[in-house]
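Participant: I'd like to go over a predicted model; first the sequence, then the structure.
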Amino acid sequence: MNKDNRKIAYFSMEIALENSIKTYAGGLGVLAGDTLRSGADLGVPMVGVTLLNDQGYFKQKINDKGAQEVLPAHYDFSHLKKLDEVVEVTINNDPVKVGVWEYMIEGVRGYKVPVYLLDTKVAGNAPVYASLTGQLYRGQKNYRLMQEVILGRAGVKILEKLGYRSLLKYHMN
């Protein structure tokens, strides 16, 4: 795969990659996943960036009284490719290290679109920062803002470190 020919970087808080990878909650993630799969089918020179939420959105159960119960969820991402690259961003004047995992979407004609999943569970990060790629949309505004900093700032830095030099458009979904 020639990284120099990639022209579009598609960033999204959530991307539906496959049913067993619960890094999405619903419509936005499905739209992002469909966009990237269509790009692979059509041979669009693009790359995706999202967060590696190992606890996903959440699992739910409807109890005997008809009320929703939120259950903990943990997903296994060991089948993804863990890359060695790590970048650092600043949040609240603290350094936060961000690692990356790779997932390939292969189109109907064999064209591949890489998706990079950002991970803050990196040695040396304070627990508050290590948890940023734990669960999608926890509800606190500050948590969400820190996740967006990881996606936007660390995402661009990771792409640069991975050798993407010819990107012309950055799309934030």
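Facilitator: Happy to help now that I have it.
Participant: going forward, measure contacts between C-alpha atoms and count neighbours the same way
Facilitator: Noted.
Participant: what's the neighbour count on residue 8?
Facilitator: 17 (other CA atoms under 10 Å).
Participant: Please read the previous query as pertaining to residue 167.
Facilitator: Neighbours of residue 167 (other CA under 10 Å): 18.
Participant: likewise residue 38?
Facilitator: What residue 38 shows, counting by other CA under 10 Å, is a neighbour count of 17.
Participant: That one sits in which helix or strand?
Facilitator: helix 27-42 (DSSP states H and E).
Participant: buried sites along that helix?
Facilitator: 28-33, 36-41 (16 or more other CA atoms under 10 Å).
Participant: Just send those residues back as JSON lines, with distance to residue 93 and pLDDT too.
Facilitator: Putting these into JSON lines (distance: CA to CA, whole Å; pLDDT from 0 to 100) gives the following:
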{"residue": "28", "distance to residue 93": "31", "pLDDT": "81"}
{"residue": "29", "distance to residue 93": "31", "pLDDT": "80"}
{"residue": "30", "distance to residue 93": "34", "pLDDT": "85"}
{"residue": "31", "distance to residue 93": "34", "pLDDT": "91"}
{"residue": "32", "distance to residue 93": "31", "pLDDT": "90"}
{"residue": "33", "distance to residue 93": "33", "pLDDT": "91"}
{"residue": "36", "distance to residue 93": "34", "pLDDT": "97"}
{"residue": "37", "distance to residue 93": "38", "pLDDT": "95"}
{"residue": "38", "distance to residue 93": "39", "pLDDT": "97"}
{"residue": "39", "distance to residue 93": "38", "pLDDT": "96"}
{"residue": "40", "distance to residue 93": "39", "pLDDT": "97"}
{"residue": "41", "distance to residue 93": "42", "pLDDT": "97"}
